[in-house]
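Student: could you work out the structure for the sequence below:
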Amino acid sequence: MMEPFKCPHCGSHNYVIVLSGCQITGGTLEEIFEWDEANHAYVSSGSMLVESESLENEGAEAVCSGCEKDVSDEVAAYEQSLPQESEPPPGVAEA
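Tutor: Alright, predicted model coming up:
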């Protein structure tokens with residue numbers, strides 16, 4: 001059984017990959033608006049890329065969802081330690 005990634009700073013298993021300098025072709029973006037009762041207005045947390053025909057980026061950074069520290073090197077090492085599979089796990093679409 002595969003073990004999840006663990007942040008060396010706070011122990012969280014969750015992280016976000018942030019791509020910078022992106023050139024997107026044929027992309028579909030999603031933006032979620034939530035009602036802020038205190039301000040009586042909708043707020044957006046930004047846009048998220050749902051799919052694209054092609055995506056080129058200049059750089060990427062992995063950020064821990066728990067402590068918001070840069071865990072790029074740790075995530076890269078974790079991903080390299082994973083066994084290579086010929087087929088993706090159930091529920092994961094091939095890119």
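Student: and the biggest strand by length in the chain, C-alpha only, in PDB?
Tutor: In the chain, assigned by DSSP state E, the strand with the most residues is strand 41-51. What follows is strand 41-51 as a C-alpha-only set of coordinates in PDB (Å, rounded to 0.1, in the frame of the first residue of the first chain):
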ATOM      1  CA  ALA A  41     -21.200  40.300  -1.400                       C
ATOM      2  CA  TYR A  42     -19.900  37.400  -3.400                       C
ATOM      3  CA  VAL A  43     -16.200  36.700  -3.200                       C
ATOM      4  CA  SER A  44     -14.000  34.600  -5.500                       C
ATOM      5  CA  SER A  45     -10.900  32.600  -4.500                       C
ATOM      6  CA  GLY A  46      -9.600  32.800  -8.000                       C
ATOM      7  CA  SER A  47      -9.700  30.700 -11.100                       C
ATOM      8  CA  MET A  48      -8.800  27.000 -11.500                       C
ATOM      9  CA  LEU A  49      -7.700  25.300 -14.700                       C
ATOM     10  CA  VAL A  50     -10.100  22.400 -15.300                       C
ATOM     11  CA  GLU A  51      -8.600  21.100 -18.600                       C
END
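Student: next, give phi and psi for Val63.
Tutor: Backbone dihedrals for Val63, given as degrees, to the nearest 10, come out at phi -120, psi 130.
Student: any idea how far the spatially most distant residue from the centre of the chain lies from Gly46?
Tutor: Summary for the chain: using C-alpha atoms, centre = their mean, the residue whose C-alpha lies farthest from the chain's mean C-alpha position is His40, with a distance of 30.0 Å. Using C-beta to C-beta, to the nearest Å, one gets 21 Å for the distance from His40 to Gly46. Where you see a C-beta, it was placed from the backbone N, CA and C, and this is true even at glycine.
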